[in-house]
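**Student:** This is the structure alone, sequence omitted:
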């Protein structure tokens, strides 16, 4: 191939890639790419999550998590806390597993409401002895929910029952619009 043909192909590929990138940017939710979003003032919200652990209806443990987010500017927000533990998958081959809490959320403002999507994953050792063995048994619970946000009041977004005990886990969220 001649240098002229290579240069033409390079220029053509560059123009096509630039056009595709510009098209993608116009479809994205970033203020710079979408003039309608840039005109609208940004709203910020604080999400206060509470994970309640109940046994026979009595609250025996609560954990609190909070995060702030701006709908439309960042597609999602996540908080994670935990430990990565090595697990033997084959002799001499380790795979790391996350043990802890992960909460992911996204909000979308609509003219008449604010939609809220939440995904929570809580993983821990099935019992205290499992922390010390090479291939521990883990307990995992997940809640994936979507709802319309209610401001200033805690609302339950999901409830799961532990099949191995009489425990129930409730994930609540309180949404506050920030000034």
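**Tutor:** Okay, I see it. It should be emphasised that the depicted structure is a prediction, and the values quoted were computed from it without experimental measurement. Numbers count the residues shown, from 1 in each chain.
**Student:** any low-confidence regions in this protein?
**Tutor:** For the chain, the stretches with pLDDT under 70 are 1-40, 73-76.
**Student:** Where do the domain boundaries of it fall?
**Tutor:** For the chain, automatic domain parsing gives the domain ranges 3-36, 41-178.
**Student:** Could you give me the buried positions within the host helix or strand of residue 94?
**Tutor:** Assigned by DSSP states H and E, residue 94 belongs to strand 93-109. Of all the residues in strand 93-109, those buried under the rule 16 or more other Cβ atoms under 10 Å are 99, 101, 102, 103, 104, 105, 106, 107, 109. Bear in mind the C-beta positions are built from the backbone N, C-alpha and C, glycine included.
**Student:** again with stretch 128-144
**Tutor:** In terms of neighbour count (16+ other Cβ under 10 Å), stretch 128-144 has its buried residues at 136, 139, 141, 143.
**Student:** tell me the contacts of the residue most central in space within the chain?
**Tutor:** Centroid-nearest residue in the chain: residue 104, 1.8 Å away (criterion: Cα atoms, centre = their mean). The contact partners of residue 104, by Cβ atoms under 8 Å, 6 or more residues apart in numbering, come to 76, 77, 78, 118, 119, 120.
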